[in-house]
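*Asks:* Here is a sequence with its predicted model. Questions after.
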Amino acid sequence: MSSQESEYNGFFPATRMRRLRYHSGVRRLVQETVIRPERLIWPVFVRSGQGVRTPIASMPGQFQLSLDEFVKEVREAEQLGLGGVILFGIPDTKDAVGSDAMCESGIICQAIRAAKDVVGKDFLIISDVCFCEYTDHGHCGVLKQNYAGQWDVDNDATLENLTRQTLAQARAGVDMVAPSGMMDGMIGAIRRGFDANGFSELPIMSYSVKYASAFYGPFRDAAESAPQFGDRRSYQMDPLAAAEQALREVELDLAEGADMIMVKPALPYLDIIHQVHDRYPGVPLAAYNVSGEYSMTKAAALNGWIDEKRIVLESLGSIVRAGAGIILTYWAKDVARWMA
Ligand code: PBG
């Protein structure tokens, strides 16, 4: 056989998908997955002091900020067009019940007031509602001995404190609360507390589907909130639980008055995000791209093993595609800059 002659004498495609890919303008025109800065929420860690910007070792690029530094960052986040920030407080003193979280002079209420002073009306100041950063034992509520004599979080006593915590935040001017403690009834308790005290307009974004995940490891360094004994498996969901359990959590939260729901973590639970979105298509759905997801990518990027920007946009794209319209991510400001 001569070198001119082809051995191939057959099939040529009539439909060529590559026509949608040759030209960058065509590619852009037919894109469907859109990442929008105004749908991103940036998690921020605040603490007391002046001029404090303590780098979080396990989360390169993230800091514990004193309020003066925090307001600068909030202004920048607003200018970048982000949807808002979600606040995590690190109090000066912790105790058995997490008192700092329940008083209007506590770190989180101070941060809410400071932020509300500097931002316009479209930028959201959201509070993470939990006790793990504020208790000396690091659990997400008040402790009691359970039926088997083990120390565990007292669900119903914690509900009362969650009402106190969220009312203090509401009085400080928070725009939305995001309860993350996985207590049964937390949404109903907070909703009732708000409605009875003149805050019926304040929305609740529930961490409805929150797994007991190893992906929170770096966050617990950042927020100084690692449990001093045991783990969170008696309240956060089992990563290997049936998806149906996630749907039941969502159903209950909606019945109790949640306005938005969240799945957390994001990337290891895209299937759950998808199922929740499928079952409740009209309910605003958020996903939390958590600390472990951030730190793993950061570590690889700092080693020069991956292209951070491309990995992040691809990952966030997968979260949007799965069905989450809102994403909480430590990359929020970077993404806004990349997209500008
Ligand atoms: C609880 C809370 C946690 C995170 C958000 N809210 C930690 C936990 O449940 O242990 C984790 C966020 C992250 O890993 O980025 N206050």
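*Replies:* Structure's in. What do you need?

*Asks:* Show me which positions of stretch 107-124 end up buried.
*Replies:* The neighbour-count check on stretch 107-124 (16 or more other C-beta atoms under 10 Å) flags Ile107, Ile108, Cys109, Gln110, Ala111, Ile112, Arg113, Ala114, Ala115, Val119, Phe123, Leu124 as buried. No exception for glycine: its C-beta is placed from N, CA and C like everyone else's.

*Asks:* For the fifth one, give me its contacts.
*Replies:* Counting by C-beta atoms under 8 Å, 6 or more residues apart in numbering, Ala111 touches Val46, Leu67, Phe70, Leu87, Gly89.

*Asks:* separation between the second one and Ala212?
*Replies:* This points to Leu67. Distance, Leu67 to Ala212, by C-beta to C-beta, to the nearest Å: 32 Å.

*Asks:* what about the strands in the stretch 1-150 of the chain?
*Replies:* All strands of the stretch 1-150 of the chain, identified by DSSP state E, counting those that start in this stretch, fall at 40-47, 53-55, 63-66, 84-90, 124-129, 143-145.

*Asks:* Parallel or antiparallel, which strands does the second one pair with?
*Replies:* Strand pairing for strand 53-55, determined by DSSP bridges: strand 63-66 (antiparallel).

*Asks:* so does the partner strand get close to the ligand?
*Replies:* No: Strand 63-66 is not in contact with the ligand by C-beta under 6 Å from any ligand atom; minimum separation 13.8 Å.

*Asks:* go on, stretch 116-134?
*Replies:* Yes: contact of stretch 116-134 with the ligand (C-beta under 6 Å from any ligand atom) involves Asp128, Cys130, Cys132.

*Asks:* From the contact counts, what lies against the strand or helix carrying Ala336?
*Replies:* Following DSSP states H and E, the helix or strand that holds Ala336 is helix 332-339. In terms of contacts (3 or more C-beta pairs under 8 Å, 6 or more residues apart in numbering; DSSP states H and E), helix 332-339 is packed against strand 40-47, helix 67-79, helix 308-322.

*Asks:* packing partners for the shortest one?
*Replies:* Here strand 40-47 is seen to pack against strand 63-66, helix 67-79, strand 84-90, helix 107-118, strand 124-129, strand 326-329, helix 332-339 when contacts are counted using 3+ C-beta pairs under 8 Å, 6+ apart.

*Asks:* Closest one to Leu267 out of the contacts of Ala111, please.
*Replies:* Using C-beta to C-beta, Leu87 comes nearest to Leu267 of those, at 23.4 Å.

*Asks:* which residues of the stretch 151-300 of the chain score low on pLDDT?
*Replies:* Per-residue confidence for the stretch 151-300 of the chain (pLDDT under 70) gives no ranges below the cut-off.

*Asks:* sorry, back to before: kindly reformat the helices and strands packed on strand 40-47 as a markdown table and extend each row with mean pLDDT.
*Replies:* Formatted as a markdown table, the helices and strands packed on strand 40-47 follow (pLDDT from 0 to 100):
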| stretch | mean pLDDT |
| --- | --- |
| strand 63-66 | 98 |
| helix 67-79 | 98 |
| strand 84-90 | 98 |
| helix 107-118 | 98 |
| strand 124-129 | 98 |
| strand 326-329 | 99 |
| helix 332-339 | 97 |
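
*Asks:* Quick one, which of those gets closest to Val290.
*Replies:* Within those, the stretch nearest Val290 is strand 326-329; the backing value is 8.3 Å (C-beta to C-beta).

*Asks:* so how far does stretch 125-134 reach from one end to the other?
*Replies:* This stretch, stretch 125-134, spans 20 Å end to end (C-alpha to C-alpha, to the nearest Å).

*Asks:* Revised request: answer the last question for stretch 12-20.
*Replies:* The first-to-last residue distance of stretch 12-20 comes to 17 Å (C-alpha to C-alpha).

*Asks:* Provide a list of residues in contact with the closest residue to Val290 other than its chain neighbours.
*Replies:* The shortest distance from Val290 to any non-neighbouring residue, by C-beta to C-beta, 6 or more residues apart in numbering, is to Pro265 (4.3 Å). Residues counted as contacts of Pro265 (C-beta under 8 Å, 6+ apart) are Tyr211, Ser213, Phe215, Tyr216, Tyr288, Asn289, Val290, Gly292, Glu293.

*Asks:* go with 6 Å
*Replies:* Ser213, Phe215, Val290 (C-beta atoms under 6 Å, 6 or more residues apart in numbering).

*Asks:* helix or strand for the nearest residue to the second one once chain neighbours are set aside, which one?
*Replies:* If the residues on either side of it in the chain are set aside, Phe215 comes closest to Gly292, at 3.2 Å by C-beta to C-beta, 6+ apart. When elements are defined using DSSP H and E, Gly292 is found to belong to helix 291-302.

*Asks:* I figured Tyr211 hits Pro239, correct?
*Replies:* Yes: counting by C-beta atoms under 6 Å, Pro239 is a contact partner of Tyr211 at 4.9 Å.

*Asks:* Compare neighbour counts for these two and give me the winner.
*Replies:* Tyr211 (24 against 14; other C-beta atoms under 10 Å).
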